[in-house]
Every structure is written in structure tokens, then in C-alpha cells.
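Chemist: Just need the structure, nothing else, for what follows:
(chains A and B)
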There are 2 protein chains.
Amino acid sequence: MKTSGSPIVDIHTHVYPPSYISLLKARTSIPYVRSFPPSPSLRLVILPAEDTESTSRGRPVGAEYYDINEKIKFMDTHDIDISVISLANPWLDWVPSSEASQAAKDINDEVDAECAKFPGRLFAFATLPLSGGTDVIIAEIERLKTLKYMRGIILGTTGLGKGLDDPELIPIFKALQAANLPIFLHPHYGLPSSVWGERSNDYGHVLPLALGFPLETTIAVTRMILADVFSTVPDLQMILAHSGGTLPFLAGRIESCIEHDAHLQAEGKLGAHRKTVWEILKKNIYLDAVIYGDVGLKAAMQASGEDRIMFGTDHPFFPPLEGEGQRWKSVDTNYEAIKNARGEGSEGARLALGGNAVRVLNLST
Amino acid sequence: MKTSGSPIVDIHTHVYPPSYISLLKARTSIPYVRSFPPSPSLRLVILPAEDTESTSRGRPVGAEYYDINEKIKFMDTHDIDISVISLANPWLDWVPSSEASQAAKDINDEVDAECAKFPGRLFAFATLPLSGGTDVIIAEIERLKTLKYMRGIILGTTGLGKGLDDPELIPIFKALQAANLPIFLHPHYGLPSSVWGERSNDYGHVLPLALGFPLETTIAVTRMILADVFSTVPDLQMILAHSGGTLPFLAGRIESCIEHDAHLQAEGKLGAHRKTVWEILKKNIYLDAVIYGDVGLKAAMQASGEDRIMFGTDHPFFPPLEGEGQRWKSVDTNYEAIKNARGEGSEGARLALGGNAVRVLNLST
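Modeler: Numbers count the residues shown, from 1 in each chain, chains lettered A, B, ... in the order given. Purely as a prediction, here's the structure:
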């Protein structure tokens, strides 16, 4: 998919900088990193569904998790010119309040320094000290201006603990708006395990990963829409992981349910000033292209516009199951989706592969 | 959208036959029908989120719920030639085991008799006595052959209580396959209320209706796929409500997560014999067109094929909030989606509006 003159940019690619691995090694409940004897190799357990005795407890932690040189090798193998790296979930959600500020500074400084090792090839989304309180969070947002390679922040769906429709988040959203830093919204907590049924352990990680993650993202952003966040903070920019979860597909239904809701009408919330879901999609929302198929990608492209789609890989997750070769099928499936949706060499493909990311995230040094 | 020579068929349209209203009036917990003084009018409460003191507790039960003449009037107003009516959720899920068989017979006989009043204009999906045990359920499936207008059955996501990936359902699925009766899969239970957050009451019914319903459907059918139901019962036909919930959009991600799952690989479940999600979508699955937008509808059409999409209205739900006119916006939005997705008068539109339903459900008398 190499396109001359137009870089390929991966905006969904995670890192575990060494200081974060150290924090995880010190823990005994998820998220944690440890070995499971008799094997000496380290494994990372981040999801409740993974924290069970099975052949697939957690996942192996190789150098691709913490060695930035491995990220560059992966990029070279897959024709990726620029990566916008982000700390993997669950970020600093679990850090005690008193330690949040320092942990975020350490991580953000370390990630920025990693970017500096490969000027022009690496940029990053920063991590916020969410448990530290509003002042600490806003102070870190201000401080990010001093870090050369930061181009936004990565955020989970819990916010300060009550979700992203929490009014307490408004000052933080306004600070991000003022700093022109987009939010890369990424899921982690999925759905309550009861919804997967008694047999879910038979299905490996499929249900929480394939459905729990995108549904969590969809719920989070829909709650923001219903709380009218995008009127209160009109220039807030959101980049939604996994092509918005399911938002492009469900936008029509959400909009119809809003239009037909007697309670919202009685509360005077259905006036002409209301921003529709479709308007918000084209004004405040960008979507990554981590969707593994052109059916969904075309819906994403139409929903938010071709100028708002950004290629991603989800590296280092979804590696090949067996060592069949250097290239990862998960990456090629997403390349293929772009090709099938818009045609190789088309303007839509060029924008999705990197043109949009360069423009929106200002990826020049 | 009237197309000469090709009928318009609504396959997603619910009824509350008088015997079902009587059953609901005798109840005091959801689902139930009662009046809330001082107003004398009856209201139906079917969702936990609706069962709260508010301006929108439940919904008004008018004649359109139980009078089949109102269904015909609605059809005439909206250019619908044929409706395939189905009992509304939650069907007979809550009926005591000993009463299930008779309740299903009464409902199915009554619905069939309503169809007979308007020959050629009404067909139906039957209701199964799910709490009655396998033998009772299969006996009712057999008995449906004697009812002239039955063209399938409507089913919720709980099955016998453990979801649709329950192995105990296989004999029932095989009986439906043998009887050539498609399952119209319809959500009711949504998601645990914790996912909607503290402010969900501020948002009327939007979150459970707009997201809970489609996500429930997606989870249910994905669990069937993972349980390999479509290999065990290879000709099982499923019609998924609300364009499959979110299945068309997430199919690529589900397929990728299956392909990359170490547990499934270790269990030998990733062999060449495995049916992919894409194959199942085009072989076993039909999708209604109740999606309120061409973005999602195009994805649905591509995922399962233009020959597997069927128009629906969800009547009597989603009525206009105010009496602005005879036509319902929710219906016109779905007509508009078909027009925008494929063009008025196109073959794709003709198939979606009724051609597919007539062929697949054999809608001739």
C-alpha cells in the first residue's frame, strides 16, 4: 500500500515504556505482569476474562511491548512511515491519587524521549493522571505543551470514575480544547461478564475483545452526546478507536431514538439548537480504521467523512498466531479494507493511510 | 416509494392480540399493562428503564396495539401491501412452565385468525412456549404447520434461559430447520443497567433502546456463531432485527478476533472447516432494514447481500411525538434509507422493500 509522496501513519499503536512495565510487575491483580511457572517468560494480564487458568492466560510480553526499536522494526516491515504511539490500556486508571501526577509525568516524559530517538517517525498521545483530581489533570495538560512530540491524549471510558458524561469532566475537556489536543478514546473495561453467558470461557478472548471493546466505546461516546458535551465544548476533538466501536452503524438508530423520546421532548431538549449525531460525527469525531473489513470501513468513511479516517494497527496486539512470516495478518487485513473500500492509490485511500493524520495531528518536526 | 408490480412488505411489525393484553393486565411487574391515576388511559411497561416515576413511564396503549384494523390502516397510510406480524417482546418468556403450551396455542391461533381476516395482506411469525420444555416447544413447532399464515417464529435472546448458544436448543433449531421456519431474532433484555451510568434517567429511553437492543442482538448471534450452531444446523435461517444489531459493522473484527485467538487454536477450532462470519452472514442470515439511515443499511446490504435485506417499521413503536400528520417519521426514515442506499426504483430497493420477503417467506395465499 506504499504511496509515494504521502506517508503512511499508524495512529493506533501502543507502548509499554519500561517504567510502566515496572509498575505492572509490582502488582498482583489486573493489570499485572508476571511469569507463570514452569515457563519463565513474562505474561501480561489486563482483562478479567484473561485472568483465568487456561492455555491463554494473559499474553506473552516480548520486546515489542517495551523496546521502542521493535516498534520501528515493525513499522519498517509494514511500510509505516510514522507512528503516533500511546500507552496501552488501562493506562494510569489504577494509580493511587497521590502518585498520579508523578506517574503521568514520568510516563509522558519517557514516551516523549522515545519519540525523540527517531525524529519525524514517532509522535505520541499522552496519558492523563485521572485519579489525581481536576487541578492535577489540567496542570499536566498544560505541561504537555513543553513536550515536543505530544499530539493529543489517550483516554479510557471511565473518566473520573463516573463515565465521560460526568459534568466534572467539562473543565478538563475545555482545557484539551484550548490546548488543541484531541482525545484518542480507547476502550478497556468492556461489558459486565454476565452478558457473555456460561460458555464464554470456551470462546477464548473473542467476546470481550470483539464485542465488549467496541460496545464500550459506543456507549461512552453516546453518553457524551446525550449529555450535550459537544455543545458545551464545541471544538472538542475525539478520535475513536476501532472506527468508533459501532457508532457509524448505529448513528441512525441513536438519532431516531432521540427524536422520538418523550422525556427528552418534555425536558425541552429536542429544539432546533440540538446537534444531531450526524453533525457531531462530521464536526467533532475522527475514526481510526482498525476495523478489519471494508464493510465497516465504508460505513465509517461515510459517517464521519473521508477526511476524518486514520489508519491504525493496534500493535503489539493481534500478532500472528504462528510464525508464518514477518508481516502481520491483522495489519494487512486493515490495509486490504482501505484498498477494497476506496481503491489503491485513490484520494480516499491516501487520506485514510496518512493524509488525514498528518493534517489533523500536525505530524511534522 | 410505491413500486408498481412489486409489493412492499413490512416484516418487523408487532401485535398485542387481546388475549395477550389480558395476560399483561393481570400482572404487576414488567411486563405489565395498567393505568397510572389520575390518567385513566392504559400504559404498557416492558423495560426496566421505563418502570420509573417519570413523565414517560411506559407508553400509552392505544388501539394500534391490539386492534388489527389499526394495523391495516397504518399499512394503507404508509403504502405497505403485506405485513408479517409478530407478538411484541417479551413474548411468553415470563409464562409459568405449566401454562406455556396453552398460552402459545392461544396466541398463535388468535394471530393466525387475525391474518385470515385480511387474506394476502397479513402473515405472521409464531411465538414458542419456551418455558414449557423441549417436547412442548417442538410439538408447537409441528402444530404451526396447520396454521395457514405462519411463516417463521419470533425468538428473544434468552432461549431456554441460558442464551442461544445453549446446546439444549439444538433439537429446537433442528425442528425449525426441518419445518423450514426462519427465526426472527428480536432483542428485549438489553444490557445490565450499570453500563448506562448515573445519568441515564436524564436520557429518557435512548440508551437501552438505541444501544441496548442492537448490542443484545449482536452478542446473541455471535455466541451462536462461536458455539458453531451454523455447522450443526447448517440450514438454520435467522432474520435479525434492526439490521443485525451491529453484526454487519463488527463482522470483520469478530472474524479477526477468532482468527487470532490462541485458545480457539489450541482447541483445534480454527481449521479449514470453520465457517467464517462472512460466510454465515451470506448463508444463514437475513437482516431487516430497520436502521434509520443509509450508512448502516449499505453495510447491511454488503454484509449479507442485497437479496437478504427486508424492510420493516417496528410498528406500533416509534410513533410521532406530536400529531403532525398521518405518516410516521420513523417509517419514512427507513424508506429514505433504502432510497439513499440504492436509488428509488432500483433492483436493490425493490428487493429490500418486499421482493426478498415475498421470496424467502413465501408470501402468497
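Chemist: now the strands for the stretch 151-300 of chain A?
Modeler: Secondary structure of the stretch 151-300 of chain A, counting by DSSP state E, counting those that start in this stretch: strands at A:183-185, A:238-240, A:285-288.
Chemist: what number of residues lie near the residue nearest to A:Glu306 when sequence neighbours are not counted?
Modeler: Closest residue to A:Glu306 in three dimensions, ignoring its sequence neighbours and counting by Cβ to Cβ, 6 or more residues apart in numbering or on different chains: A:Gly348, at 4.7 Å. C-betas here are computed from N, CA, C, even on glycine. Number of residues near A:Gly348 (other Cβ atoms under 10 Å in any protein chain shown) recorded here: 18.
Chemist: re earlier: now the strands of the stretch 151-300 of chain A as JSON lines including mean pLDDT and distance to chain B?
Modeler: Shown next, in JSON lines, are the strands of the stretch 151-300 of chain A (pLDDT from 0 to 100; distance: least, Cβ to the nearest Cβ, whole Å):
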{"stretch": "strand A:183-185", "mean pLDDT": "98", "distance to chain B": "15"}
{"stretch": "strand A:238-240", "mean pLDDT": "98", "distance to chain B": "13"}
{"stretch": "strand A:285-288", "mean pLDDT": "98", "distance to chain B": "12"}
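Chemist: Figure out which of those is closest to B:Phe318.
Modeler: strand A:285-288 (25.3 Å; Cβ to Cβ).
Chemist: Now do the closest one: which elements does it pack against?
Modeler: strand A:238-240, helix A:247-259, helix A:294-304, strand A:309-310 (3 or more Cβ pairs under 8 Å, 6 or more residues apart in numbering or on different chains; DSSP states H and E).
Chemist: Which residues does it contact?
Modeler: Identification of contacts with strand A:285-288 by Cβ atoms under 8 Å, 6 or more residues apart in numbering or on different chains yields A:11-12, A:182, A:221, A:237-244, A:247-248, A:300, A:303-304, A:308-312, A:356, A:360.
Chemist: how close does A:Asp76 sit to chain B?
Modeler: 22 Å (Cβ to the nearest Cβ, to the nearest Å).
Chemist: Pull the residues that contact the longest helix anywhere in chain A.
Modeler: Assignment by DSSP state H gives helix A:97-116 as the longest helix of chain A. With Cβ under 8 Å, 6+ apart as the test, helix A:97-116 has contacts from A:15, A:17-20, A:23, A:68, A:85, A:87, A:92, A:95, A:122-124, A:126-133, A:136, A:139-140, A:143-144, A:147-150.
Chemist: Of those, which belong to helices?
Modeler: Short answer: those in helices (DSSP H) are A:Pro18, A:Ser19, A:Tyr20, A:Leu23, A:Ile68, A:Val136, A:Ala139, A:Glu140, A:Arg143.
Chemist: Could you give the number of residues near the second one?
Modeler: With neighbours defined by other Cβ under 10 Å, the count for A:Ser19 comes to 15.
Chemist: any idea how far A:Thr127 is from it?
Modeler: Going from A:Ser19 to A:Thr127 by Cβ to Cβ, to the nearest Å gives 11 Å.
Chemist: Quick one: the helices in the stretch 251-365 of chain A, in order.
Modeler: A:262-266, A:277-283, A:294-304, A:329-342, A:347-350, A:356-361 (DSSP state H, counting those that start in this stretch).
Chemist: now for the ones you listed, which one comes closest to B:Ile30?
Modeler: Among these, helix A:262-266 sits nearest to B:Ile30 (Cβ to Cβ), with 17.6 Å.
Chemist: ok now the closest one, how far from the chain's centre?
Modeler: 34 Å (Cα atoms, centre = their mean, to the nearest Å).
Chemist: Repeat that for stretch A:260-270.
Modeler: Counting by Cα atoms, centre = their mean, stretch A:260-270 comes out at 32 Å from the chain centroid.
Chemist: Please apply the same query to stretch A:276-283.
Modeler: Taking mean C-alpha positions (Cα atoms, centre = their mean), stretch A:276-283 and its chain are 20 Å apart.
Chemist: Mind listing what's buried along that stretch?
Modeler: Buried residues in stretch A:276-283, counted by 16 or more other Cβ atoms under 10 Å in any protein chain shown: A:Val277, A:Trp278, A:Ile280, A:Leu281, A:Lys283.
Chemist: go on, stretch A:347-361?
Modeler: A:348-358, A:360-361.
Chemist: And the residue nearest the centre of chain A?
Modeler: A:His186 (3.4 Å; Cα atoms, centre = their mean).
Chemist: My understanding was that that one contacts A:Gly152; is that so?
Modeler: No: the pair A:His186 and A:Gly152 fails to qualify as a contact (Cβ atoms under 8 Å) at a distance of 11.5 Å.
Chemist: just to revisit the earlier point, wait, which of the helices of the stretch 251-365 of chain A is closest to A:Ile172?
Modeler: helix A:277-283 (18.8 Å).
Chemist: Which strands or helices does that closest one pack on?
Modeler: helix A:247-259, helix A:294-304.
Chemist: helices and strands of chain A: which one bottoms out on pLDDT?
Modeler: strand A:59-60 (a mean of 81; mean pLDDT, DSSP states H and E).
Chemist: what's in contact with that one?
Modeler: A:Ser41, A:Leu42, A:Arg43, A:Leu44, A:Val45, A:Glu50, A:Phe317.
Chemist: which non-adjacent residue is nearest the second one?
Modeler: Beyond its immediate neighbours in the sequence, the residue positioned closest to A:Leu42 (Cβ to Cβ, 6+ apart) is A:Val61, lying 4.3 Å away.
Chemist: and what of A:Leu270?
Modeler: A:Leu264 (5.5 Å).
Chemist: now swap in A:Glu168 and tell me
Modeler: A:Leu160 (5.5 Å).
Chemist: That's all I had, so thanks and see you.
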